[in-house]
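1. dropping the sequence and predicted coords here.
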Amino acid sequence: MNRANSGINLAALRGHNAALVLDLLRTAGDEGISRLELAERTGLTPQGVSKITARLREQGLVTEAGRRASTGGKPRTVLRLVPDAGYAVGLHLDRDELTAVLVDLAGTVVAERRSPLAFGAGGDAVVEAAATEVEGLLAEVETEAGADLDPDAEVDTGTGMGAEAEAAADAQPPYPAPRVLGVGVALPGPLDHASGVLHRVTGFPEWDGFPLRDALAGRLGLPVVVDKDTNAAALGLALAGSGDSFAYLHLGTGLGAGLVLGGRPYRGPHTGAGEFGHQVIQLDGPLCGCGNHGCIEVLCLAAVAAGSVDEAARVLGEGAANMVGLLDIDLVLLGGRTVASAEERFVDGVRAVLRERARRAGTVEVPVLRAPGAATAVVEGAAQLVLAPLFGRANGHFPANREDGTGRQKQNRKDRNLS
């Protein structure tokens, strides 16, 4: 027997159970949910739920939202999440533009800023530009909300945010915002999600080896999580209910894919999954910034630059069809500013290629749709890199919140009585 792996981590399970409860409170919205319903949905005991909700109320994360009639006995007290008990910053660093949002615990965007960005200026300059935008964003909110970001109103979630989100500097932040749980950064890859270190970003080799996570955390004094723009978008879309098996294709200043397989974002062991734009489909094609010839990215962007959107959509469709055939996914979602410039033509063009491939192969046609909230999918997904772990959703779907086909919620029974 391997005793090293035979124990149960009670602290982790308690955090897991608190995340279960918080996630159900989040999805219940303003209507709230009773303790009895929380116990039924999670499989925890009523006593365990009472202990968890008492701690969450002490931390200011949960409050009472009135009473609800019951089928017997006295009315049940209803609880709800307090959305402004904490916030996350989402940053989208594109090659020529920076977008920053502040998102509350319910996932609502409460502030947004955009500014030009010279991504080729290098790591130090981009970190300073990003930090300046974050500071400006929070300063705006503090001015509008007054005491809403009270410097003494600290929040201890007790659930943990994952090792990748805990690289904060010792210095205090230069603004009174301790209720900001962290900053999620989404940008072009390749990069290492676990370490927050960038690799050789296509067209910007000077970024190779730059420790973006630690550099930005040191500048801001906040936890920072770094991921590819497509992965961030895919996480946000999965949490919003886009499906268990899909690819998000992002065509903007570059081209990439975010993958959700089995209800979870798939990054691969080295964050290398989804480098969709650098599939070679024309061996003697034009030189791509990655050093190869005939990549889908260079062919798509060249067609767009020549004014041939239909050709760009066809090329994108060929790549999407290859991915569907390789991964057997259920859905293709399109986003990015280039897609947004001619949305219907891109969706129709990619759909036509997949339909023809399915017809020839005698297989089911995979739907092609515009990604919900496509314009902000990446930056809001970046904020979810910080928020999702709080609700136990860092990997997309959370099994306890999904029905098992019998109308009952799935739950690991060994967790039932732990609070």
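-> Right, received. Where do you want to start?

2. which residue ranges of the stretch 101-250 of the chain form strands?
-> Under the criterion DSSP state E, counting those that start in this stretch, the stretch 101-250 of the chain contains strands at 109-116, 180-187, 191-192, 197-198, 224-228, 246-251.

3. which other helices and strands does the lowest-mean-pLDDT helix or strand in the chain contact?
-> Here the helix or strand of the chain ranked lowest by mean pLDDT, DSSP states H and E is helix 10-28, holding a mean of 81. Other elements packing on helix 10-28 under the criterion 3 or more CB pairs under 8 Å, 6 or more residues apart in numbering; DSSP states H and E are helix 35-42, helix 46-58, strand 76-81, helix 377-390. No exception for glycine: its C-beta is placed from N, CA and C like everyone else's.

4. now that helix against helix 46-58, angle please.
-> Relative orientation of helix 10-28 and helix 46-58, computed by axes from the mean of the first three to the mean of the last three CA atoms, to 10 degrees: 80 degrees.

5. buried residues of helix 10-28, list them for me.
-> Neighbour-count burial for helix 10-28 flags 14-26, 28 (criterion: 16 or more other CB atoms under 10 Å).

6. can you lay out these as a markdown table showing distance to residue 337?
-> Formatted as a markdown table, the buried residues of helix 10-28 follow (distance: CB to CB, whole Å):
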| residue | distance to residue 337 |
| --- | --- |
| 14 | 43 |
| 15 | 38 |
| 16 | 38 |
| 17 | 41 |
| 18 | 39 |
| 19 | 34 |
| 20 | 37 |
| 21 | 39 |
| 22 | 34 |
| 23 | 32 |
| 24 | 36 |
| 25 | 35 |
| 26 | 30 |
| 28 | 35 |
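
7. most widely separated two among these?
-> Based on CB to CB, the longest span within these runs between 14 and 28 and measures 21.4 Å.

8. buried stuff in stretch 109-123?
-> 110, 111, 112, 113, 117, 119, 123.

9. CSV for the strands of the stretch 101-250 of the chain, including distance to residue 263?
-> Converted to CSV, these look like this (distance: least, CB to CB, whole Å):
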stretch, distance to residue 263
strand 109-116, 25
strand 180-187, 20
strand 191-192, 24
strand 197-198, 28
strand 224-228, 18
strand 246-251, 10
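
10. can you add distance to residue 57 and mean pLDDT and give those back as CSV?
-> Written out in CSV, the entries for the strands of the stretch 101-250 of the chain read as follows (distance: least, CB to CB, whole Å; pLDDT from 0 to 100):
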stretch, distance to residue 57, mean pLDDT
strand 109-116, 23, 96
strand 180-187, 18, 96
strand 191-192, 39, 94
strand 197-198, 40, 96
strand 224-228, 27, 97
strand 246-251, 37, 97
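
11. out of these, flag the one nearest residue 234.
-> In terms of CB to CB, the element of those nearest to residue 234 is strand 246-251, at 4.8 Å.

12. got the angle for that closest one vs helix 377-390?
-> In terms of direction (the same axes, to 10 degrees), strand 246-251 departs from helix 377-390 by 140 degrees.

13. to the chain's geometric centre, what's the distance from strand 246-251?
-> For strand 246-251, the separation from the chain centroid amounts to 14 Å (computed by CA atoms, centre = their mean, to the nearest Å).

14. and that strand, what does it pack onto?
-> For strand 246-251, the packing partners by 3+ CB pairs under 8 Å, 6+ apart come out as helix 229-239, strand 255-261, helix 309-327, strand 331-335, helix 337-340.

15. closest to residue 378 out of those?
-> When these are ranked by proximity to residue 378, the top entry is helix 229-239, at 4.7 Å, counting by CB to CB.

16. what about residue 390, distance to residue 232?
-> From residue 390 over to residue 232 the distance is 16 Å, taken as CB to CB, to the nearest Å.

17. between these two, who's got more neighbours?
-> Neighbours of residue 390 and residue 232, each counted by other CB atoms under 10 Å, are more numerous for residue 232; the result is 33 against 27.

18. thought the more buried one was touching residue 376?
-> No: counting by CB atoms under 8 Å, no contact exists between residue 232 and residue 376, whose distance comes to 11.2 Å.

19. how distant is the least confident helix or strand of the chain from the center of its chain?
-> Taking CA atoms, centre = their mean, one finds the center of helix 10-28 at 18 Å from the center of the full chain.

20. what residues does residue 284 make contact with?
-> Residue 284 makes contact with 293, 294, according to CB atoms under 8 Å, 6 or more residues apart in numbering.

21. secondary structure class for it?
-> Under DSSP: H, G, I helix; E, B strand; the rest coil, the three-state class of residue 284 is coil.

22. so residue 357 versus residue 323, what's the distance?
-> Residue 357 is 11 Å from residue 323, by CB to CB.

23. can I assume residue 61 is in contact with residue 22?
-> Yes: when contacts are counted by CB under 8 Å, residue 61 is listed as touching residue 22 (6.9 Å).

24. what's the overlap in contacts for the two?
-> Common contacts of residue 61 and residue 22 (CB under 8 Å, 6+ apart): residue 81.

25. where in the stretch 251-400 of the chain is pLDDT low?
-> Within the stretch 251-400 of the chain, the stretches falling below the threshold (pLDDT under 70) are 396-400.

26. how about a cut-off of 80?
-> The stretch 251-400 of the chain contains residues with pLDDT under 80 at 395-400.

27. the inter-axis angle of the least confident helix or strand of the chain versus helix 35-42?
-> Using the same axes, to 10 degrees, one finds that helix 10-28 and helix 35-42 are set 110 degrees apart in direction.

28. please save the CA atoms from helix 10-28 in CSV.
-> Provided in CSV are the C-alpha atoms of helix 10-28 (Å, rounded to 0.1, in the frame of the first residue of the first chain):
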residue,chain,number,x,y,z
LEU,A,10,-9.0,17.5,5.4
ALA,A,11,-8.1,21.2,4.8
ALA,A,12,-8.3,20.8,1.1
LEU,A,13,-11.7,19.0,1.4
ARG,A,14,-13.0,21.7,3.6
GLY,A,15,-11.9,24.3,1.0
HIS,A,16,-13.5,22.1,-1.6
ASN,A,17,-16.8,22.1,0.3
ALA,A,18,-16.7,25.8,0.8
ALA,A,19,-16.2,26.2,-2.9
LEU,A,20,-19.1,24.0,-3.6
VAL,A,21,-21.4,26.2,-1.5
LEU,A,22,-20.0,29.4,-2.9
ASP,A,23,-20.5,28.2,-6.4
LEU,A,24,-24.2,27.3,-5.8
LEU,A,25,-24.7,30.7,-4.1
ARG,A,26,-23.2,32.4,-7.1
THR,A,27,-25.4,30.6,-9.6
ALA,A,28,-28.5,31.2,-7.5
